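*Asks:* All I have is the shape, not the residue letters:
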């Protein structure tokens with residue numbers, strides 16, 4: 001934690017919020033993508049299977065928030081957030097090649113780690129602001145939740161466009177690739193433009 005917020009503090013807040021937005025957009029992708037795949041009979045999954053695919057990324061994101069928070073305290077937000085973004089871009093990209101339920105579910109569980117970005121961002125943001133500014137900083141960071149709205153509002157339209165309004169159903173596979181590219185680029189930017197920081201240990 002610093003005594004006074006400076007330019008670097010606000011830069012960290014900006015990149016934390018941007019990365020959090022992209023992570024949350026990716027985290028909730030299945031809600032739109034799976035619905036599209038089932039409605040267009042691309043995959044014939046039943047109601048239970050669809051429910052699991054909706055919930056699996058949310059579950060893994062929730063489960064791993066605690067260990068991700070601990071790792072952030074130990075190694076610093078730059079290391080963990082960068083690693084999270086780069087790592088999750090891999091299963092997200094591989095999702096575009098999924099052809100059966102088991103593979104789709106497994107990859108969904110892995111990219112669901114993007115939901116743990118909340119814990120990483122909170123811990124990392126807090127270190128760059130004094131106590132009397134942390135509430136404001138964390139409130140601004142929380143704006144990253146808008147990533148879920150971006151997915152809900154724009155991804156259905158993107159799916160319609162990429163599949164030529166359903167005439168080219170395999171076009172859906174470009175969507176996970178676009179999300180994977182966003183995670184990858186954000187990971188690179190986060191590595192290049194942020195500074196690592198870990199909590200000071202009291203003796």
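*Replies:* Received, thanks. Since we're looking at a predicted model, the values are computed, not measured. Numbering: from 1, shown residues only.
*Asks:* any idea which helix or strand carries the residue nearest the centre of the chain?
*Replies:* By C-alpha atoms, centre = their mean, the mean C-alpha position of the chain lies nearest to residue 23, the distance being 1.6 Å. In the assignment (DSSP states H and E), residue 23 maps to helix 7-27.
*Asks:* what comes up buried for stretch 9-21?
*Replies:* By neighbour count on 16 or more other C-beta atoms under 10 Å, the buried set for stretch 9-21 is 9, 12-13, 15-17, 19-21. All C-beta spots, glycine's among them, are computed from the backbone N, C-alpha and C.
*Asks:* same check, this time on stretch 105-125
*Replies:* Of all the residues in stretch 105-125, those buried under the rule 16+ other C-beta under 10 Å are 105, 107-125.
*Asks:* One more: stretch 165-182?
*Replies:* Within stretch 165-182, the residues that qualify as buried are 169, 171-172, 175-177, 179-180, 182, counting by 16+ other C-beta under 10 Å.
*Asks:* now that stretch: how far from the chain's centre is it?
*Replies:* Here stretch 165-182 is found 18 Å from its chain centre; the criterion is C-alpha atoms, centre = their mean, to the nearest Å.
*Asks:* got a list of contacts for the helix or strand where residue 161 lies?
*Replies:* Using DSSP H and E, residue 161 sits in helix 146-162. Identification of contacts with helix 146-162 by C-beta atoms under 8 Å, 6 or more residues apart in numbering yields 20-29, 31-33, 36, 166, 168, 171-172, 174-175, 178.
*Asks:* what do you get for stretch 43-50?
*Replies:* Under the contact criterion C-beta under 8 Å, 6+ apart, stretch 43-50 has outside partners 34-35, 37-38, 53, 101, 104.
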